[in-house]
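[1] below are the sequence and a predicted model for it; my questions follow.
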Amino acid sequence: MILQGLLDGLKPSPILTVSEWADRNRELSPLASSEPGQWRTSRTPYLKKIMDCLSVHSGYKKIIVEKGAQLGFTEAGNNWIGYIIDNCPAPTLMVLSTDETVRRNSKTRVDPMIQASPNLRTKVHEYKANSGENTITQKNFPGGILIMTGANSSSGLRSMPIKNLFLDEVDDYPIDVNEQGSPIELAEVRTNTFANRKVFIISTPTIKGCSAVDDEISETDKNKFSVPCPFCGAYHFLEFSNLRWNKGDYANVKMKCPNCGELIDEHYKTSMLAAGKWIPTDTEKINGDTIGFIISSLYSPFGWFSWASAAREYDKAAEDPNKMKVFVNTVLGEPFEESGEAPAWHNLYNRRELYAQNSVNDNVVMLTCGVDIQKDRIELEVVGWCLDKSSYSIDYRVLLGNTTLPDVWHQLDDVLHETWTKDNGSEIAICKMAVDSGYNTTEVHDFCRQRPGLAIPIKGQPSLGLPVSPPKQIDYSRNGKKIGRLKQWNVGVNKLKAELYSWLNIEPISDKENNIIYPPCYCHFPQYAQNYFEGLTAEQWIEKRQLWVKKYERNEPLDCRIYARAASVVMGLDRMSSSANITKTASKEAKKPKKSEDDPWGSSDFTHYWD
């Protein structure tokens, strides 16, 4: 008998999953739960696989959840914290949006969880004021430590290596912490020294294009929870588009089965969830390190958030864009696509004019060129400006070639010294070329330094309140060695984008004789292809985040137009009167400088890209 007891004591502890640990040990506090008492994973079956991916023997290192509200995910994260303390102690970091949220969460969720579980209570001493061992934001336990910090605290995100990282509601985090970078990235770096690290990211998404969790989930296999129809047995996802009700009648909201068409009462949800399973919807991104889950509030257990509530909230939101944003985020668990200030690309496409590319209207008083540098090409737009700040796009070009090598810069030099013939027969040339120095900076500086007065290096500054700031002397380097100084112009890209989009929304008007009149600042375009106009309107302003985000991947036409506009500001377009004439000045400045050993640029062909 004694021998058997000794042998039993030598047996290793069984390997528990997080869900098994929670079912055995977790007590929900009435302070944080509408259903206090013993935790039951069966109440929220969709949480089981997610919690088990967090288990110490699971191979996944990063688990990401994009979700609606009222689904129990924060408590699932707390289950993981309890599991770590009791079963696999290690340095652990929990990050919430603010320090105040951390203190509230510690008092209402973490401390009650510890005190309600005998296994945890014996390992983590009760918090006492002035105690050096455990505080509101730090819990010590044998073999590990739990640190809780706000995403607004750079010091809390950078202190010590950690094995387990819990990032809760990441879309509420600041974009940048004390100018040191993303709080998500700062926290994740701390796990790099652990080969068996675990990172758990959960959040309700916010705005499309600037949702942190949506960016994270886009790189995963995007698992969705599939449930069986109680009538035909076919598995399907609970989609809001399949919800059926009559407006105002929320007592009979049902879910239509996409397979058999039967209308499903919500009381079937409990059995449907119990038989549910996660299915990856982006199989090309399946891997053993990262897994992603997407789930809406339509899966909220029976008795929590109901389908009737979803229908009611939708009807309320249908007439209020702000409420619709909340509905899409918190009920559908999807990022909301805000309408920005950019005009629709097809509106600009449909109003294209019949003037030929590389022809110049007589009203044009100057040509400027905006240049964007990429790894394998240079993109540029030549723009003609009139005294009333209306503009004509003269040509959009892509010069193909490795931008660390001379050939493609030879092509750009040819463009800079090209001349155009106006409708009245006079010649005009580019009077200022603005070249973005954000990529391949040394090559940009080389090019501009050898063409003083014609080509200027610029750098975008989103926060700059001016279109263009006065030039600033900067160090000019090659291979890390300072070789001189040159002038650089900072460009207020946010301001110029807002200006451009207001100009693009200007429409022509007709007088009493039905003659078309183009107002000041009107933008004229030749017969460019669709791609150009998509690129020109590729970004939208997000007021909540105070930034521009991409709608389309290719935004080079927008950048080039902004840089061409910056060049016109440098040339003084905004200060010119109707008597100004800089055509002659432009032609004089456009004379090609003499070749020298310091200026080895030659000629080459260019590519017309937007034809």
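    Great, that's in hand.
[2] from here on, contacts and neighbour counts on C-alpha atoms
    Noted.
[3] secondary structure element for A187?
    helix 183-189 (DSSP states H and E).
[4] so which elements touch that helix?
    helix 154-157, strand 164-168 (3 or more CA pairs under 8 Å, 6 or more residues apart in numbering; DSSP states H and E).
[5] and of the ones you listed, who's closest to C431?
    With CA to CA as the measure, helix 154-157 is the member of these nearest C431 (46.6 Å).
[6] now for that closest one, which elements pack on it?
    Partner elements for helix 154-157 (3+ CA pairs under 8 Å, 6+ apart): strand 144-150, helix 183-189.
[7] could you identify which of these is most buried?
    Greatest average neighbour count among the helices and strands packed on helix 154-157 goes to strand 144-150 (a mean of 22), per mean count of other CA atoms under 10 Å.
[8] go ahead and flag the most central residue of the protein.
    Among the residues of the chain, the one closest to the centroid is C210, at 3.4 Å (CA atoms, centre = their mean).
[9] relative to L28, how far out is that residue?
    Using CA to CA, to the nearest Å, we find C210 at a distance of 34 Å from L28.
[10] tell me where the stretch 51-200 of the chain is predicted with low confidence.
    126-133, 178-179 (pLDDT under 70).
[11] for it, which segments count as strands?
    62-67, 91-96, 138-141, 144-150, 164-168, 198-203 (DSSP state E, counting those that start in this stretch).
[12] format those strands as CSV; extra columns: distance to W385.
    What follows is those, written out as CSV (distance: least, CA to CA, whole Å):
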stretch, distance to W385
strand 62-67, 47
strand 91-96, 51
strand 138-141, 62
strand 144-150, 50
strand 164-168, 51
strand 198-203, 48
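[13] so which of those strands gets nearest C232?
    Of all the strands of the stretch 51-200 of the chain, strand 62-67 comes closest under CA to CA, at 27.7 Å.
[14] what's the angle between the closest one and strand 198-203?
    Relative orientation of strand 62-67 and strand 198-203, computed by axes from the mean of the first three to the mean of the last three CA atoms, to 10 degrees: 10 degrees.
[15] what's opposite A429 in the beta bridge?
    T419 (DSSP bridges).
[16] is it true that it touches K422?
    No. The criterion here is CA atoms under 8 Å, and A429 misses it with K422 at 10.2 Å.
[17] so for these two, which sits in the more crowded spot?
    A429 (26 against 16; other CA atoms under 10 Å).
[18] any idea how far that one is from H417?
    Applying CA to CA to A429 and H417 gives a distance of 7 Å.
[19] pull the distance from the helix holding A187 to the chain's centre.
    16 Å (CA atoms, centre = their mean, to the nearest Å).
[20] what's the answer for stretch 189-209, then?
    15 Å.
[21] now swap in stretch 379-395 and tell me
    With CA atoms, centre = their mean, you get 31 Å for stretch 379-395.
[22] gap between the two ends of that stretch?
    11 Å.
[23] check contacts around the residue lying closest to F194 once chain neighbours are set aside.
    Distances taken as CA to CA, 6 or more residues apart in numbering place K163 nearest to F194, at 5.8 Å, with adjacent residues excluded. When contacts are counted by CA atoms under 8 Å, 6 or more residues apart in numbering, K163 touches A90, P91, T92, R190, T191, F194, N196, R197, K198.
[24] now those residues in JSON lines, with distance to A318 and neighbour count?
    Putting the contacts of K163 into JSON lines (distance: CA to CA, whole Å; neighbours: other CA atoms under 10 Å) gives the following:
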{"residue": "A90", "distance to A318": "48", "neighbour count": "18"}
{"residue": "P91", "distance to A318": "47", "neighbour count": "20"}
{"residue": "T92", "distance to A318": "43", "neighbour count": "24"}
{"residue": "R190", "distance to A318": "44", "neighbour count": "20"}
{"residue": "T191", "distance to A318": "44", "neighbour count": "22"}
{"residue": "F194", "distance to A318": "48", "neighbour count": "12"}
{"residue": "N196", "distance to A318": "47", "neighbour count": "15"}
{"residue": "R197", "distance to A318": "44", "neighbour count": "22"}
{"residue": "K198", "distance to A318": "40", "neighbour count": "27"}
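[25] and of these, the nearest to L558?
    L558 lies nearest to R190 out of these, by CA to CA, at 37.6 Å.
[26] separation between that closest one and G438?
    Taken as CA to CA, the span from R190 to G438 is 29 Å.
[27] do I184 as well
    I184 is 25 Å from G438, by CA to CA.
[28] sketch out the low-pLDDT regions of the stretch 201-350 of the chain for me.
    Residues of the stretch 201-350 of the chain meeting the criterion pLDDT under 70: 321-322, 338-342.
[29] quick one: the helices in it, in order.
    212-217, 269-274, 307-317, 321-330, 345-350 (DSSP state H, counting those that start in this stretch).
[30] angle of the longest one against helix 321-330?
    Interaxial angle of helix 307-317 relative to helix 321-330 (the same axes, to 10 degrees): 150 degrees.
[31] tell me the buried residues in helix 307-317?
    W307, A308, S309, A310, A311, R312, E313, Y314, A317 (16 or more other CA atoms under 10 Å).
[32] tell me which stretches of the stretch 201-350 of the chain form strands.
    Going by DSSP E, counting those that start in this stretch, the stretch 201-350 of the chain shows strands at 223-228, 235-237, 243-246, 249-256, 263-264, 277-280, 290-295.
[33] nearest to E507, of these?
    strand 243-246 (41.6 Å).
[34] who are the packing partners of the closest one?
    Strand 243-246 packs on strand 249-256, helix 307-317, going by 3+ CA pairs under 8 Å, 6+ apart.
[35] so for N494, what's the pLDDT?
    On the pLDDT scale, N494 is placed at 87.
[36] any idea how far it lies from C369?
    Distance, N494 to C369, by CA to CA: 19 Å.
[37] okay, those two: which has more neighbours?
    Set N494 next to C369 and count neighbours by other CA under 10 Å: C369 wins out with 30 against 22.
[38] just checking: what are the partner strands of the strand or helix carrying the more buried one?
    Here C369, judged by DSSP H and E, is contained in strand 366-373. If you go by DSSP bridges, strand 366-373 pairs up with strand 377-385 (antiparallel), strand 427-436 (parallel).
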